[in-house]
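Q: Got a predicted structure plus its sequence, pasted below:
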2 protein chains.
Amino acid sequence: MAPSSSPLLTSESGEKYANVKWEELGFSLTPTDYMYVSKCRQGESFSDGKIVPYGDISITPCSPILNYGQGLFEGLKAYRTEDDRIRVFRPEQNALRMQTGAERLCMTPPSTEKFVEAVKQTVLANKKWVPPAGKGTLYIRPLLIGSGAILGVAPAPEYTFLIYVSPVGDYHKVSSGLNLKVDHKYHRAHYGGTGGVKSCTNYAPVVKSLVEAKSSGFSDVLFLDAATGRNIEEVSACNIFIVRGNIVSTPPTSGTILPGITRKSISELARDIGYQVQERDVSIDELLEAEEAFCTGTAVVVKAVESVTFHEKKVKYRTGEGALSTKLHSMLTSIQMGLVEDTKGWMVEI
Amino acid sequence: MAPSSSPLLTSESGEKYANVKWEELGFSLTPTDYMYVSKCRQGESFSDGKIVPYGDISITPCSPILNYGQGLFEGLKAYRTEDDRIRVFRPEQNALRMQTGAERLCMTPPSTEKFVEAVKQTVLANKKWVPPAGKGTLYIRPLLIGSGAILGVAPAPEYTFLIYVSPVGDYHKVSSGLNLKVDHKYHRAHYGGTGGVKSCTNYAPVVKSLVEAKSSGFSDVLFLDAATGRNIEEVSACNIFIVRGNIVSTPPTSGTILPGITRKSISELARDIGYQVQERDVSIDELLEAEEAFCTGTAVVVKAVESVTFHEKKVKYRTGEGALSTKLHSMLTSIQMGLVEDTKGWMVEI
């Protein structure tokens, strides 16, 4: 874009920060100034999108996203460092995951280059909404939706790639750790389904279980596999790990588990400090006997599990200072916030 | 609405029919003049909606329908009789199914009364788009979508109930019967999921299988149950029945099968003419040994299955004049088109 028409001027010429009470941020929507929108015919390539004022989009009522769930989302974050640089965590990983999801849902995705460039543009346009260092992050939500008109069940003739952002604080309001309820009625995913990609279709179906659990005082829900009901899979919107001695285990990404980018990064960090990380089926019995359990995800980061309740049984886990999750949380956020050197090349400067 | 502002005048004062080549209708979108839109806060009641010009809707990018698949759809049809009455088939059944789905997805649905009234208004406003008797039907698509803004996975704070319509002809272009491919890789639904309600989340996940099957020359895909892979469940967007002797069997609606309204109606008609109808697990082996198989659904109506291909095995079935599906198709469409008396009270006059 020519400087004269760039919305970045608005951001850069104005105040350094938006009028937000940073201390009060939770994981809820704070609308910002701009969003990114790009459209593409099925099978063609996304050309350069546009930064436009944040607001409602216009879409045909007979689009597959409204009728048939043909949509993918991503979630990543931008961090402000103490010395006022703004950086994004592994955006190319989100781009690749969107491409895998698009293949599964017969959608046309943006290239990795276009995706990362769009993320950068969106963050830059909303620079004053990136919280001060240590006060939160700018949550970035890329969407790929089937937006063209079609009546029957089929791929959309047109796709929209859109990115909006919101400054956020903690996903869960609990300080010590999550109190999870194991769901023995609903399942999240099945083999031959879409559990392994970030399809919108994986989320509305778990809301009922989540609402029921929250109304009983739980923080979140842990789902078991649909095939046997014996192995743990995922929490409603994050991955889970268990720890026993020197071994850290997490369910494998064989089709029903979302290949989390935080999951992958935390596995690497755990190996770096001498833990053996196993990706394998983890039974509910193993979870109940573990020393520690924790969740990972872009929204939750790394969060200790304080307790798991399965039927009438409630088991407590190690949390706090001595917990591995505390160590891993610190290692990851130190990289993200620029407190230690990013030797892995995970951070992308805006 | 006051007559002075009623869009119905446009329709009624103009030509009797829209400019459509009725003979060429397939199951694709033909945009019409009007649609119905109504909004409602979570947990409140839908008030009277509005008939508005058909066109794009405006929606926030952070609505659960765009991000998390929080949406339900319905499908029903309006028929024009030889004596020019316009009637809809069992709309209250769609209303009830939408309510069941809304309960599963934590949405706020319209009441049965509001739903049926909205369907009537939408059809009336688009009266000239209802094909001449015998030339097709007006397909009616009610949508209930989570349209309010929210960042995390949770029920939407606002819902939109929308109805659009399109004149349609046959769903499948084949005359004799469907050639189905049995999918042994992808599954449609799992216990504890949403297969039993008309959630948008059941459809995008089957598109890949459907596209692959169609590219190999098949009409559609038949899915097996995710738990065992041994029982037949549904075709991508319709129910399936098998016939052997005097027994007609179809998979039970125990959570993974859509409770089709055509399915229910056809079961009743089959019983009326002396068949025993069983709702029970039907194995793939039974299907391969059946004398006849057929699909039912609002879009497909009743359609004979000509062949089923499972791995390398292809089995052919009775179709045409001597087939039960031909008889049932005739019985059902005679009621729908007003060729016989509607003794069951299925048709609702507009």
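A: Structure's in. What do you need?
Q: next helix or strand past the helix or strand of chain A with the lowest mean pLDDT?
A: Using mean pLDDT, DSSP states H and E, the weakest-scoring helix or strand in chain A turns out to be helix A:8-13, at a mean of 45. Counting by DSSP states H and E, the next helix or strand C-terminal to helix A:8-13 is strand A:34-41.
Q: Which other helices and strands does that following strand contact?
A: strand A:50-53, helix A:112-125, strand A:158-168 (3 or more Cβ pairs under 8 Å, 6 or more residues apart in numbering or on different chains; DSSP states H and E). C-betas here are computed from N, CA, C, even on glycine.
Q: Okay, angle between that strand and helix A:112-125 too, please.
A: Angle of strand A:34-41 versus helix A:112-125, following axes from the mean of the first three to the mean of the last three Cα atoms, to 10 degrees, is 150 degrees.
Q: could you check the angle strand A:158-168 makes with strand A:34-41?
A: Going by the same axes, to 10 degrees, strand A:34-41 makes 160 degrees with strand A:158-168.
Q: can you give me the mean pLDDT across strand A:34-41?
A: For strand A:34-41, mean pLDDT rounds to 98.
Q: how about that strand as CSV, C-alpha atoms only?
A: What follows is strand A:34-41, C-alpha atoms only, in CSV (Å, rounded to 0.1, in the frame of the first residue of the first chain):
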residue,chain,number,x,y,z
TYR,A,34,-8.4,-2.9,11.6
MET,A,35,-8.8,-6.3,10.2
TYR,A,36,-7.4,-8.0,7.1
VAL,A,37,-9.5,-9.4,4.3
SER,A,38,-8.6,-11.2,1.1
LYS,A,39,-10.8,-13.3,-1.3
CYS,A,40,-10.0,-15.9,-3.8
ARG,A,41,-11.8,-18.1,-6.3
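Q: Name the surrounding residues that touch that strand.
A: A:7, A:11, A:46-55, A:57, A:108, A:110, A:114, A:118, A:121-122, A:125-126, A:147-148, A:157-165, B:61 (Cβ atoms under 8 Å, 6 or more residues apart in numbering or on different chains).
Q: next one: stretch A:332-350
A: A:77-79, A:81-83, A:85-92, A:116, A:120, A:123-124, A:127, A:133-134, A:262, A:265-266, A:268-269, A:301-302.
Q: one more time with 7 Å, if that's ok
A: Applying Cβ atoms under 7 Å, 6 or more residues apart in numbering or on different chains, the contact partners of stretch A:332-350 are A:78-79, A:81-82, A:85-91, A:116, A:120, A:123-124, A:133-134, A:265-266, A:269, A:301-302.
Q: Now, of those residues, which are buried?
A: With burial judged by 16 or more other Cβ atoms under 10 Å in any protein chain shown, the buried subset of the contacts of stretch A:332-350 is A:78-79, A:81, A:86-91, A:116, A:120, A:123-124, A:133, A:265-266, A:269, A:301-302.
Q: among those, which are in helices?
A: A:91, A:116, A:120, A:123-124, A:265-266, A:269 (DSSP state H).
Q: And the helices in chain A, which stretches?
A: For chain A, the helices defined by DSSP H cover A:8-13, A:64-67, A:91-104, A:112-125, A:204-215, A:261-272, A:284-289, A:324-336.
Q: Can you say which of the ones you listed is packed in most?
A: The highest mean neighbour count among the helices of chain A, using mean count of other Cβ atoms under 10 Å in any protein chain shown, belongs to helix A:64-67: a mean of 29.
Q: The ones in helices among the buried ones among the contacts of stretch A:332-350 into a markdown table, with extra columns for pLDDT and distance to chain B?
A: A markdown table is the format used below for these (pLDDT from 0 to 100; distance: Cβ to the nearest Cβ, whole Å):
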| residue | pLDDT | distance to chain B |
| --- | --- | --- |
| A:P91 | 98 | 19 |
| A:V116 | 98 | 20 |
| A:K120 | 98 | 19 |
| A:V123 | 98 | 16 |
| A:L124 | 98 | 18 |
| A:S265 | 98 | 21 |
| A:I266 | 98 | 21 |
| A:L269 | 98 | 26 |
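Q: Make JSON lines out of those residues and add distance to B:L324.
A: Listed next are these as JSON lines, based on distance: Cβ to Cβ, whole Å:
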{"residue": "A:P91", "distance to B:L324": "57"}
{"residue": "A:V116", "distance to B:L324": "58"}
{"residue": "A:K120", "distance to B:L324": "62"}
{"residue": "A:V123", "distance to B:L324": "62"}
{"residue": "A:L124", "distance to B:L324": "65"}
{"residue": "A:S265", "distance to B:L324": "59"}
{"residue": "A:I266", "distance to B:L324": "58"}
{"residue": "A:L269", "distance to B:L324": "63"}
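Q: Specify which member of these is nearest to A:S307.
A: A:I266 (20.9 Å; Cβ to Cβ).
Q: Hmm, that closest one is touching A:C295, no?
A: No - with contact defined as Cβ atoms under 7 Å, A:I266 and A:C295 do not form a contacting pair (10.0 Å).
Q: re earlier: now list the buried members of the contacts of strand A:34-41.
A: A:7, A:11, A:46, A:49, A:51, A:54, A:57, A:108, A:110, A:114, A:118, A:121-122, A:125-126, A:147-148, A:158-165, B:61.
Q: and A:L180, what does it touch?
A: A:218-222, A:235, A:305, A:308.
Q: quick one: which two of the residues you listed are the most distant?
A: A:V221 and A:V305 (12.1 Å).
Q: quick one: low-confidence parts of the stretch 251-350 of chain A?
A: Low-confidence segments of the stretch 251-350 of chain A, defined by pLDDT under 70, are absent.
Q: re earlier: output the helices of chain A in a markdown table, with distance to B:E103 appended to each entry.
A: Formatted as a markdown table, these follow (distance: least, Cβ to Cβ, whole Å):
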| stretch | distance to B:E103 |
| --- | --- |
| helix A:8-13 | 44 |
| helix A:64-67 | 20 |
| helix A:91-104 | 28 |
| helix A:112-125 | 37 |
| helix A:204-215 | 8 |
| helix A:261-272 | 33 |
| helix A:284-289 | 28 |
| helix A:324-336 | 36 |
